[in-house]
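Colleague: sharing a model prediction with you, sequence too.
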Amino acid sequence: MANEFPQVLTIAGVDSDGSAGAQADLHSFFMRGTYGTLVLTAAVAGNSYGIHDAALLPLDFIDHQFDALADDLKIRAAKTGMLANADMIKTVAKNLKKYDFGPLVLDPVISTKHGNLLMEADAFETLKAELIPLATVITPNFYEAEHLTGQTLDTEAAIIDAAEQIHAMGAKNVVLKGRHDQATQTEVRDYVLLDNGKAFWLTGPYYPTDRKNGTGDSLSAVITAELGKGAAVEDAIRIAKRFVDTAIANEIAVGHQFGPINHWANTLVQPHLI
């Protein structure tokens with residue numbers, strides 16, 4: 001019967017070196033036993049040294065990609081990646097309201113894990129107004145949560161308050177990712193606030209490695225894959241955390257500097273996750 005196999009969607013750009021963006025999402029979808037589809041928003045010329053150029057897809061072409069998928073496939077969960085500007089965010093939000101593509105995992109690509117801004121002010125405000133209220137799960141990193149709430153997250157209480165503020169913006173479930181840039185840290189603590197009121201910390205080891213490209217993409221992609229297979233939100237988040245920790249812990253030798261995480265490590269180290 002058509003469309004019985006679980007199909008999931010990433011709405012994102014592609015990195016030419018395959019370490020992040022849609023490629024990291026598609027790697028994650030495949031490893032979690034789902035069929036990955038793509039609405040392409042941008043193309044990036046980059047490698048392990050950095051990003052050298054980028055080109056945006058026309059908005060009407062983005063519309064046509066949504067139309068084509070909705071006309072033929074059964075998308076059971078979707079996620080967003082980096083959306084370049086306010087018009088693109090509005091276009092994506094319009095299509096997510098038009099078509100039922102299941103739960104939405106919003107990876108709000110506002111800044112890097114080191115705090116460098118990736119989004120202009122008008123796009124930031126549009127993200128808050130148009131996409132956050134549609135999110136089943138939102139996965140901001142530490143600095144993105146600071147930008148979203150306008151406060152410094154220097155204590156556990158501040159992190160908890162920030163998650164509650166983001167939930168109040170309309171996102172049903174919040175995964176506020178911990179810092180990755182402190183010289184003396186030995187662990188990473190993510191704070192999770194669920195729509196049912198349950199809240200908890202997810203703690204994992206900190207790995208001092210430059211092989212971390214695509215970490216946030218992969219975390220949100222695994223959550224998407226699990227939701228697409230019918231998993232509960234909490235289970236999807238916990239699986240994603242274990243998956244990404246394993247992928248970081250077992251490095252893959254690709255590129256010279258800031259390389260990708262190793263999605264394939266999960267088949268060898270934690271085969272029960274597959």
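Modeller: In hand now; what should we look at?
Colleague: for the rest of this, base every contact and every neighbour count on C-alpha atoms.
Modeller: Will do.
Colleague: any idea how far apart the tips of stretch 3-18 sit?
Modeller: 27 Å (C-alpha to C-alpha, to the nearest Å).
Colleague: buried ones in that stretch?
Modeller: P6, Q7, V8, L9, T10, I11, A12, G13, V14, D15, D17, G18 (16 or more other C-alpha atoms under 10 Å).
Colleague: against Y49, how distant is the third one?
Modeller: Per C-alpha to C-alpha, V8 is found 30 Å from Y49.
Colleague: one more: the last one?
Modeller: Using C-alpha to C-alpha, G18 is found at 13 Å from Y49.
Colleague: what segments of this protein are strands?
Modeller: Assigned by DSSP state E, the strands in the chain fall at 7-15, 35-47, 50-56, 75-80, 104-106, 137-138, 173-176, 187-193, 199-205.
Colleague: could you dump those strands into JSON lines and include distance to T91?
Modeller: Converted to JSON lines, the strands of the chain look like this (distance: least, C-alpha to C-alpha, whole Å):
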{"stretch": "strand 7-15", "distance to T91": "11"}
{"stretch": "strand 35-47", "distance to T91": "10"}
{"stretch": "strand 50-56", "distance to T91": "13"}
{"stretch": "strand 75-80", "distance to T91": "12"}
{"stretch": "strand 104-106", "distance to T91": "15"}
{"stretch": "strand 137-138", "distance to T91": "19"}
{"stretch": "strand 173-176", "distance to T91": "23"}
{"stretch": "strand 187-193", "distance to T91": "28"}
{"stretch": "strand 199-205", "distance to T91": "33"}
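Colleague: worst average pLDDT in these?
Modeller: Mean pLDDT is lowest for strand 50-56 among these, at a mean of 84.
Colleague: sheet-wise, list the partners of that one with their directions.
Modeller: Using DSSP bridges, strand 50-56 pairs in its sheet with strand 35-47 (antiparallel).
Colleague: hmm, who's touching the strand it pairs with?
Modeller: 5-17, 22, 26, 29-30, 51-57, 62, 65-66, 83, 255 (C-alpha atoms under 8 Å, 6 or more residues apart in numbering).
Colleague: check which residues of it are buried.
Modeller: Buried-residue list, strand 35-47, by 16+ other C-alpha under 10 Å: Y35, G36, T37, L38, V39, L40, T41, A42, A43, V44, G46, N47.
Colleague: got a markdown table for those, with distance to G170 too?
Modeller: As requested, the buried residues of strand 35-47 are arranged in a markdown table below (distance: C-alpha to C-alpha, whole Å):
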| residue | distance to G170 |
| --- | --- |
| Y35 | 28 |
| G36 | 27 |
| T37 | 26 |
| L38 | 25 |
| V39 | 24 |
| L40 | 26 |
| T41 | 24 |
| A42 | 27 |
| A43 | 30 |
| V44 | 31 |
| G46 | 34 |
| N47 | 36 |
